[in-house]
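**Q** Return atomic coordinates for the entry below.
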Amino acid sequence: MCENAEQRLIDTQELWIVVKQDTNGNAQVQALIVDSESHATVASGDTAPYLKKAVMNLVEEVKG
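**A** So this is what the prediction gives:
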């Protein structure tokens, strides 16, 4: 798993960006690191209304 900004994804990990609508019809974005073989979520950030914030939430999560 990526534990800090200097580490990289391994060959079986993918960065997924998921955009869904909330109950009010507003976009909510979440960034996740997913294992491409098992489809298990390795790490995920909190959802956010903007892509940049969603990615930064993932960065905060993997940094610890």
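**Q** okay, CA-based contacts and neighbour counts for the rest of this
**A** Noted.
**Q** quick one, strands of this protein?
**A** In chain order, the chain shows strands spanning 13-21, 27-35, 41-44, with DSSP state E as the criterion.
**Q** residues near residue 12, how many?
**A** Using other Cα atoms under 10 Å, residue 12 has 11 neighbouring residues.
**Q** ditto for the one 10 residues further on
**A** For residue 22, the number of neighbouring residues by other Cα under 10 Å comes to 11.
**Q** again with residue 25
**A** 8.
**Q** go on, residue 64?
**A** So residue 64, with other Cα under 10 Å, has 8 neighbours.
**Q** ok, now residue 51?
**A** Residue 51: 18 neighbours (other Cα under 10 Å).
**Q** again, but for residue 17
**A** 13.
**Q** That one pairs with what?
**A** residue 31 (DSSP bridges).
**Q** thought it was touching residue 28?
**A** No - the criterion here is Cα atoms under 8 Å, and residue 17 misses it with residue 28 at 10.5 Å.
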